[in-house]
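[1] I need the structure of the sequence given here:
(2 chains)
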Amino acid sequence: MTVIAVLEAGLLTTVQDLGRFGWQQHGVPVSGAMDDWALRAANRLVGNDENAAALEITLAGPVLRFDGPGVIAVTGADLGARLNGRPMPPWQSAAVSARAELTFSGARDGIRAYLGVAGGIDVPLVLGSRSTLTRSRLGGFMGRALAAGDRVAVGECADPSWSVRRRLPRELIPAYGHVHTLRVVMGPQDDLFAGEGIRCFLSETYTLASQSDRVGCRLTGPRIGHRRGADIVSDGTAFGSVQVSGDGMPIVLMADRGTTGGYTKIATVASADLSRVAQAAPGDRVRFVQVGVDQAQALLRTARAQLDRIVREEAWKAPSAGIFEEDSGAPLAAPAYAELADALTVPLGPAAPRANTLCAAMPGLVVSVAVGAGDVVAAGQPLVVLEAMKMQNPVRAPRGGRVARVLVAAGAQVDGGAPLIEFEDADARRT
Amino acid sequence: MLQAPRLLPAGDSAMAVEFGDGIDVRINARVRLLQQALRAGAHAGIVEMVPTYRSLMVHYDPMVLAREALADVIMTTAGRLPEQVREAARTVEIPVKYGGEAGPDLADVAAAAGVDEQAVAELHAGGEYVVFMLGFMPGFPYLGGLPPGLAMPRLASPRAVVPAGSVGIAGAQTGIYPTESPGGWRIIGRTPVCLFDPLRSPPALLEAGDHVRFVPVGQTDYDAIAREVQAGTYRPASRTGSGGR
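    Residues are numbered from 1 along each chain as shown, chains lettered A, B, ... in the order given. Alright, predicted model coming up:
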């Protein structure tokens, strides 16, 4: 199990899963990721269940150091994620080594990013969820946002899939921007608004106020008029309820909303558009467009189906971060190293020259061999040290498994593509 | 004849089943009856249900359960509800120290009611209350049944800090703050009992439909109970009887 060390906290970084369901009748807010689509994507990218806990990172990101190797993905807002100082491509998985550092250079699009980690963030389940409700000091990491000095455990991961890169097709990567058209289902209390109030709500442009938080996104703009006042006998709320209190200004109720409320709710934002609300920054413009329930549900099905288009690239070459830093201790990250790393790690899988065989992709001298036939190795474990370009570099197991045969010996000069280690069948990999 | 419920869309993943628009014991009972009946039906796709004064919010997963199917189930189930609750209601006793530092608004409530503080405490403790719903914060019970003479509007300006266990009045309702919070209810006393503990199962001491009685205690008893609560050995007195309505 690895640990994420928090070197700097950032503005607001919390542990969130999809939410705490089943306890609203006891007054416990659902919480969970503000942008659930981005969380689901982050988890799928690292091979987790969609509901695994991740870090929700708000605007100014933290500085995080991974104490052991792992597989991560950053989704949601583009907050300028950098892995060991180099830009980290969003919406795709990346292998990280021990001591890898993840930093954020600043918000460029959207305000909430999600860091998914293979194995999930491992904090105790509270009422069935790992989500943080800071207001009630409930769940997450000690019920609060992360702070410098915290050490956050990562769960065990059966198969970290070092050799598998997953990514969201480029055309599905959201561009959030600063103008948001939100589709809404009218009700449950739209009948308590004057006709002019409804017209105003559906035609005017509103501006996101800076007081917005995980409880609700407050909007300012033309006043939405009620028929007889804004108070109702308290009833239930939904994620995306658009509440209009006495001042006539709409508030979109979000993840940490109270379970019940005593103000009229004119409409509810379609679930598929809640990501937009979650990513809206203060000052952004918002318009509301009416849709029916059926249409909103169709939008949600489409959005969920898009997650199925996350593709696996079996023949992925692990990034340099997984190769050098851990063993040499050298600070990483000259771009040239990346190419070298790619050359040194050859994947298993369909694209490999021979199934279940680890090969050298460039010529080199075998300095040492660390395993023998029959050995069971873990993903990421160094198997062979290959000297190339005047550097000794470990060739790592791209996945866990049992070594069938060792095909080279120390002192051998090998060509690019030469087979080094043969594994037993993938079926037996977890024996 | 009770009103048939209205189904109101609350977006694409929730539906409010509204039995009326007032605070009424009979309406509230129907809400809970519907929740119990739907729970007994164990319908796949219902994520959770939240009973409130006069409506039941049904959260569902539209990927699993079609809206029309859910609407049919709800209306069919609602049509078969008995006219009266026959559930055995549980009565939970909540010890309260009235007035003093624990109840800073007791004097104001007494003045408004035209009686002395002792009489307010007796009136409040003499009532039989029903938990209409939980909301606002984890474990916060909204109790109906406040003697009419004690009804009082909220503070014009809410307090920044209301201590955990504070017993308050807002309009015709009374309630208990499970944890420290800002709040505008008129605080007349405090209980040492823990109303919400996420590590307890169930986490909330009270749930909708429970009956509540307040038992006045002095400082000595309050302190003794507080020590038991701290030690995890305190069990509030509760008894189960026929629910009447």
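[2] and the helix ranked longest in chain B, what does it pack against?
    For chain B, the helix reaching the highest residue count under DSSP state H is reported as helix B:25-41. When contacts are defined as 3 or more C-beta pairs under 8 Å, 6 or more residues apart in numbering or on different chains; DSSP states H and E, helix B:25-41 sits against strand B:46-51, strand B:55-60, helix B:67-79, strand B:129-134. (C-beta placed from N, C-alpha, C; glycine too.)
[3] residue A:358 is nearest to which of the ones you listed?
    With distances scored as C-beta to C-beta, the stretch of the helices and strands packed on helix B:25-41 nearest to residue A:358 is strand B:46-51 (46.1 Å).
[4] residue B:30: what's it in contact with?
    Residues counted as contacts of residue B:30 (C-beta atoms under 8 Å, 6 or more residues apart in numbering or on different chains) are B:2, B:5, B:19, B:78, B:81.
[5] tell me how many other residues crowd the second one.
    Spelled out, it's residue B:5. Residues lying near residue B:5 (other C-beta atoms under 10 Å in any protein chain shown) number 24.
[6] redo the helices and strands packed on helix B:25-41 as a markdown table? Include distance to residue A:367.
    Compiled in a markdown table, the helices and strands packed on helix B:25-41 are given as follows (distance: least, C-beta to C-beta, whole Å):
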| stretch | distance to residue A:367 |
| --- | --- |
| strand B:46-51 | 57 |
| strand B:55-60 | 60 |
| helix B:67-79 | 65 |
| strand B:129-134 | 67 |
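[7] and of these, who's closest to residue A:97?
    Checked against C-beta to C-beta, the stretch from the helices and strands packed on helix B:25-41 lying closest is strand B:46-51, at 40.0 Å.
[8] what strands flank the biggest strand by length in chain B, and is each parallel or antiparallel?
    Ranked by residue count under DSSP state E, the longest strand found in chain B is strand B:88-98. Note on strand B:88-98: by DSSP bridges, its sheet partners are strand B:186-190 (antiparallel), strand B:211-216 (parallel), strand B:238-242 (antiparallel).
[9] any regions of the chain where pLDDT drops low?
    All of this is about chain A. Scanning chain A for pLDDT under 70 picks out A:1, A:160, A:162-163, A:314-355, A:361-362, A:388-392, A:426-431.
[10] ah, I was thinking of chain B
    B:1-2, B:84-87, B:241-245.
[11] tell me how the chain divides into domains.
    Just so you know, I chose chain A. A:3-172, A:179-296, A:335-428 (automatic domain parsing).
[12] wrong one, chain B
    Taken from automatic domain parsing, chain B resolves into B:6-79, B:89-242.
[13] so the residue in the stretch 51-200 of chain A that chain B sits nearest to, which of the three states?
    With C-beta to the nearest C-beta as the measure, residue A:188 is the residue of the stretch 51-200 of chain A nearest to chain B, at 3.6 Å. Here residue A:188 is recorded as coil under DSSP: H, G, I helix; E, B strand; the rest coil.
[14] so who does the nearest residue in space to residue B:38 that is not next to it in sequence touch?
    Distances taken as C-beta to C-beta, 6 or more residues apart in numbering or on different chains put residue B:77 closest to residue B:38, at 5.8 Å, once the chain neighbours are dropped. Residues counted as contacts of residue B:77 (C-beta under 8 Å, 6+ apart) are B:34, B:37, B:38, B:41.
[15] tell me, how many residues neighbour the second one?
    Counted with other C-beta under 10 Å, the burial measure for residue B:37 works out to 17 neighbours.
[16] who's in contact with residue 128?
    No chain in the question, so chain A it is. Shown in contact with residue A:128 (C-beta under 8 Å, 6+ apart): A:20, A:21, A:22, A:23.
[17] that was the other one, I meant chain B.
    Contact partners of residue B:128, counting by C-beta under 8 Å, 6+ apart, are B:91, B:145, B:211, B:212, B:213.
[18] all set now, cheers.
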